[in-house]
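> coordinates for the following, if possible.
(one chain, ligands or ions: 2)
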Amino acid sequence: MSLSKKFRVEPGKGIDLADLDPADTSAAKSKAAAKAELASDLEALTELQRALYAEARQSLLICLQAPDAGGKDGTIRNIFTAFNPQGCHVKGFKAPTTIERGYDFLWRVHPHVPPRGGVSIFNRSHYEDVLVVRVKELAPEAVWRARYEHINAFERLIADNGTRTLKFYLHISKEEQLSRFAARLENPAKNWKISEADYEERAYWEDYRVAFEEALARCSTDIAPWFAIPADKKWYRNFVIARIVREQMEAMKIKLPEPSVDLEDIRRRYLTEVGAGVVA
Ligand code: ATP
Ligand code: MG
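Ligands and ions are numbered 1, 2, ... in the order given. Next comes the predicted model:
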């Protein structure tokens, strides 16, 4: 079975996150085998993005959502560095600024959707507006409830314009989160990442689970699927996401454009010229 199929949240069906073991590694034969497969998938991603850029007809949007320390940054560093920075845009979404709050919630998102031939990676995304906003009651329920439909309509709009959207929810356990926070405390190189807010958010763990379940259930569609990824083991998370992105990009049937010149003619005229120079 393809990993896309195994980890996709089936449109219209929803997901019970209690059934998804964050420490699961069942799709890998072994850690060593997964690392070897990751290496070849990353090479394939490099070629696929090169072709996407050359084709300049379709584009790819990847949204990453996770609890704090869930591995969004690590996913970007380990997988999406396979893409040429020329043609790939990474955008992080923090709490909206005063100016952004003056508009609808998708206003700040739309300019970062990839152009034809491009890739955008969202580190957090428009889904924050049905996650943190819901959990922390930053807007009335009627406001955030209407957003599932707004999001589906937005993702339909960009799909109709050639953008393939893939959304990844990185599923970690509460214990794994605490141990990643502890590592940040111990390692001076990671101290800067610690925030009081991260610890405070842990009190809302269950509320976030409910909010994620509804977002995944209501907004996993054929044109913009959600994938729920067991993410306690970083090597496994990397292996699964890279494979899914590869499968999905292969399904985009990206075609290199036909040359705009007559190759035979170019060869005849210019190779002869060089050859003639050498002989002379
Ligand atoms: P790291 O994982 O490295 O800590 P981060 O993405 O958590 O990075 P932070 O600056 O720590 O970056 O957090 C960004 C914060 O902005 C998060 O708490 C997130 O929930 C919040 N945020 C993002 N979008 C919105 C939104 N639309 N409304 C309210 N808060 C938002
Ligand atoms: Mg943070």
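
> pull out the buried residues from stretch 244-255.
For stretch 244-255, burial by neighbour count (16 or more other C-beta atoms under 10 Å) applies to 244-246, 248-249, 252, 254. For every residue, glycine as well, the C-beta is placed using N, CA and C.

> most widely separated two among these?
Ile244 and Ile254 (16.4 Å; C-beta to C-beta).

> ok, so of the buried residues of stretch 244-255, who is nearest ligand 1?
Val245 (20.4 Å; C-beta to the nearest ligand atom).

> direction included, what does the longest strand that the chain contains pair against?
For the chain, the strand with the greatest residue count under DSSP state E is strand 163-171. The strands beside strand 163-171 in its sheet (DSSP bridges) come out as strand 59-65 (parallel), strand 226-230 (parallel).

> state the mean pLDDT of the last one.
Per-region confidence: strand 226-230 scores 98 on mean pLDDT.

> so which residues make contact with it?
Under the contact criterion C-beta atoms under 8 Å, 6 or more residues apart in numbering, strand 226-230 has outside partners 4, 7-9, 15, 17, 20-25, 166-171, 215-216, 219-220, 236-237, 240-241, 244.

> mark which of those residues are buried, thanks.
4, 7-9, 15, 22, 24-25, 166-171, 215-216, 219-220, 236-237, 240-241, 244.

> so of these, which ones are in strands?
166-171.

> quick one: Arg246 and Thr46 touch, right?
No: checked against C-beta atoms under 8 Å, the pair Arg246 and Thr46 is beyond contact range at 10.6 Å.

> so how far is stretch 92-103 from its chain's centroid?
Here the centre of stretch 92-103 is set off from its chain's centre by 21 Å, with C-alpha atoms, centre = their mean, to the nearest Å.

> pull out the buried residues from that stretch.
93, 96.

> can you give me the end-to-end distance of it?
18 Å (C-alpha to C-alpha, to the nearest Å).

> wait, what's in contact with the residue in the stretch 51-200 of the chain that ligand 1 sits nearest to?
Per C-beta to the nearest ligand atom, the residue of the stretch 51-200 of the chain with the smallest distance to ligand 1 is Glu128, at 3.3 Å. Going by C-beta under 8 Å, 6+ apart, Glu128 touches 65, 93.

> for it, report the pLDDT, please.
At Glu128, pLDDT is 98.

> can I take it that it is in a helix?
Yes: membership of Glu128 in a helix is supported by DSSP: H, G, I helix; E, B strand; the rest coil.

> for Pro259, grab the count of nearby residues.
8 (other C-beta atoms under 10 Å).

> and stretch 205-223, what's buried?
Buried residues in stretch 205-223, counted by 16+ other C-beta under 10 Å: 208-209, 211-221.

> mind putting those into JSON lines with pLDDT and distance to ligand 1?
Listed next are these as JSON lines, based on pLDDT from 0 to 100; distance: C-beta to the nearest ligand atom, whole Å:
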{"residue": "Tyr208", "pLDDT": "98", "distance to ligand 1": "10"}
{"residue": "Arg209", "pLDDT": "97", "distance to ligand 1": "15"}
{"residue": "Ala211", "pLDDT": "98", "distance to ligand 1": "11"}
{"residue": "Phe212", "pLDDT": "98", "distance to ligand 1": "13"}
{"residue": "Glu213", "pLDDT": "98", "distance to ligand 1": "17"}
{"residue": "Glu214", "pLDDT": "98", "distance to ligand 1": "16"}
{"residue": "Ala215", "pLDDT": "98", "distance to ligand 1": "13"}
{"residue": "Leu216", "pLDDT": "98", "distance to ligand 1": "17"}
{"residue": "Ala217", "pLDDT": "98", "distance to ligand 1": "20"}
{"residue": "Arg218", "pLDDT": "98", "distance to ligand 1": "17"}
{"residue": "Cys219", "pLDDT": "98", "distance to ligand 1": "15"}
{"residue": "Ser220", "pLDDT": "98", "distance to ligand 1": "20"}
{"residue": "Thr221", "pLDDT": "98", "distance to ligand 1": "21"}
